[in-house]
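# this is a predicted model, with the sequence first.
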Number of protein chains: 2
Amino acid sequence: MEHPFDTACALTRTGDGRFGGQAPAAYWNMAGPFGGTTAAVLLRAALADQPEGIEPVALTVNYCAPLVRGAITIGALTVRAGKSVRHVNVEMQQEGGCVATASAVLASRRDTWAHQPAAMPDVPAPEAVPEWPTDGRLPWLQRYEFRFVRGPWRPQTQAHATPQSAHSTLWVADRPRRPLDFLSLAALCDVFFVRAFHVRGHMVPAGTVTMTVHFHASAAELAAHGDAPLLGTVDAHTFTRNFGDQIAQLWSRQGRLLATTTQMTWFKE
Amino acid sequence: MEHPFDTACALTRTGDGRFGGQAPAAYWNMAGPFGGTTAAVLLRAALADQPEGIEPVALTVNYCAPLVRGAITIGALTVRAGKSVRHVNVEMQQEGGCVATASAVLASRRDTWAHQPAAMPDVPAPEAVPEWPTDGRLPWLQRYEFRFVRGPWRPQTQAHATPQSAHSTLWVADRPRRPLDFLSLAALCDVFFVRAFHVRGHMVPAGTVTMTVHFHASAAELAAHGDAPLLGTVDAHTFTRNFGDQIAQLWSRQGRLLATTTQMTWFKE
């Protein structure tokens, strides 16, 4: 049976140079699907017609309107192809209206001098951290294993009197497990709950308006990672005037930084 | 006399719905102009025909090819206009080819619950920090005051044997001084030197391929800031396979976070 993530990222060619797909019911969130699968399917379209060996360097996804159930159409355009770096613009439409855009920087990357100043925090192994129960929750939550090491989501009956930390550390994996690739890594960058919820202790109307992902690993390194959980570390700098930011890192179990990601989230209050 | 930054951001309407400008000689870098002015002029085009009161929330600029001296043309398209949030795609061309693209998230922002968990480091006042000499250097360096508090740029005769810190803290301002606005704030997000230079202690061929800026202040707050220096804090997570990342924060003297920014920089080694 196909993994629900692969179903969510499935694209067919429409004959006019574009791609067709379906808004993924298996990843439904409150209004529309989880933003991670939207990012992944946009990246898939950006990578579809590129030369062999091209890998993603950066992806910015702008969430323009909530998706509805049903068909999606995606167009991808390589706006500039340099010797090693390629720039691709992508747009997702539903019923003729733009629902999401993305820009991707792709490159033919080679081994160079390398150095990782950032260090993964010292945390218990994923097996030692209980899984956060997702049964009966929103569909997209059931598609991931969440194992909170620090900063779990504990909704309160009323908002905290003083703001709490925006930080969380958690092991996360596809559920059921699935070998890591660039698409699932892009999606995992959006699994962190809205930081304003953690800070306030309760939920308010909110949604990601833009997410940027920077990729720091090769296809071979992701394949070697397999289906093991990733460690996610996430925090926020500030919340003001309807928007809050988020910055997160995704690490392999061995402490290798696989991706970093930032986003701006709209909130109403 | 017009400030060179305003000259760099000057746009005229071309009559076909696009804008015309000039690659700014006053901000020239090694190959093409400083990326900050490119970001600023793209943001200017994105904001040009928007309703009163619209302010930037996020901007992603993709540097597709080095600019050459002479004319630039910019097209801006509002791909989605919601009740309070608007998404705009922008493209800069030279001689018919795409040299840069941008996506901007704009919004009509209101006062809400606000909270800034990030704290500005405790540093000496800008007046107490000597200005880094820029006379005789590249034009763009002469357009800014740099006052390094930590992690100054000190080129070595050969690369460090062991990687040095990627962190810098510095006061920075337009030179000559200019009242802060969204355009100059966007440009200031790109003033940090390539982190790989600091880590290695010497320069290698390098250039920003993509920069994302998140805006955390209102037009009124920027106006109140005036032409005072901003504190910049910058660091990197990792360098691998031709690309290194960068994350930076820009603070007002009072410790208010005005913008956060991330970028991916290509390097050859």
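Noted; the coordinates are in hand.
# elements contacting the longest helix along chain A?
Criterion DSSP state H: the longest helix present in chain A is helix A:35-47. Counting contacts by 3 or more C-beta pairs under 8 Å, 6 or more residues apart in numbering or on different chains; DSSP states H and E, helix A:35-47 is packed against helix A:4-8, strand A:55-63, strand A:71-81, strand A:85-94, strand A:97-107, helix A:182-188, strand A:206-215. For glycine as for every other residue, the C-beta is placed from the backbone atoms N, C-alpha and C.
# so can I have a markdown table of these showing mean pLDDT and distance to A:Leu257?
Shown next, in a markdown table, are the helices and strands packed on helix A:35-47 (pLDDT from 0 to 100; distance: least, C-beta to C-beta, whole Å):
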| stretch | mean pLDDT | distance to A:Leu257 |
| --- | --- | --- |
| helix A:4-8 | 98 | 22 |
| strand A:55-63 | 98 | 14 |
| strand A:71-81 | 98 | 28 |
| strand A:85-94 | 98 | 21 |
| strand A:97-107 | 98 | 18 |
| helix A:182-188 | 98 | 12 |
| strand A:206-215 | 97 | 10 |
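# what sits up against the longest helix of chain A?
A:5, A:8-9, A:11, A:19, A:21, A:24, A:27, A:29, A:54, A:56, A:59, A:61, A:63, A:67, A:72, A:74-76, A:88, A:90, A:92, A:100, A:102, A:104, A:106, A:140, A:182-184, A:186-191, A:207-208, A:211, A:213 (C-beta atoms under 8 Å, 6 or more residues apart in numbering or on different chains).
# which of those count as buried?
Neighbour counting with 16 or more other C-beta atoms under 10 Å in any protein chain shown marks A:5, A:8-9, A:11, A:19, A:21, A:24, A:27, A:29, A:54, A:56, A:59, A:61, A:63, A:67, A:72, A:74, A:76, A:88, A:90, A:92, A:100, A:102, A:104, A:106, A:140, A:182-184, A:186-191, A:207-208, A:211, A:213 as buried within the contacts of helix A:35-47.
# contacting chain B as well, which ones from the residues you listed?
The subset of the buried ones among the contacts of helix A:35-47 within reach of chain B, counting by C-beta under 8 Å from any C-beta of the partner chain, is empty.
# give me the neighbour count for A:Ala10.
Neighbour count of A:Ala10, defined by other C-beta atoms under 10 Å in any protein chain shown: 15.
# quick one: it and A:Gln22 touch, right?
Yes - assessed by C-beta atoms under 8 Å, A:Ala10 is found in contact with A:Gln22 at 7.4 Å.
# the stretch 101-250 of chain A: strands as residue ranges?
Listed in chain order, the strands of the stretch 101-250 of chain A (DSSP state E, counting those that start in this stretch) span A:144-150, A:168-174, A:206-215, A:230-235, A:239-240, A:243-251.
# so which of these is nearest B:Thr112?
Ranking the strands of the stretch 101-250 of chain A by proximity to B:Thr112 (C-beta to C-beta) places strand A:239-240 first, at 7.3 Å.
# show me what the closest one is in contact with.
For strand A:239-240, using C-beta under 8 Å, 6+ apart, the contacting residues are A:195-196, A:199, A:245, A:267, B:112-116, B:216-217.
# then stretch A:115-130?
Contacts for stretch A:115-130 (C-beta under 8 Å, 6+ apart): A:147-149, A:169, A:171, A:173, A:228-229, A:231, A:233, A:249, A:251, A:253, A:255-257, B:163, B:165-166, B:199, B:235-240.
# report the buried members of those residues.
Buried members of those, scored by 16+ other C-beta under 10 Å, are A:147-149, A:169, A:171, A:173, A:229, A:231, A:233, A:249, A:251, A:256-257, B:163, B:166, B:199, B:235-240.
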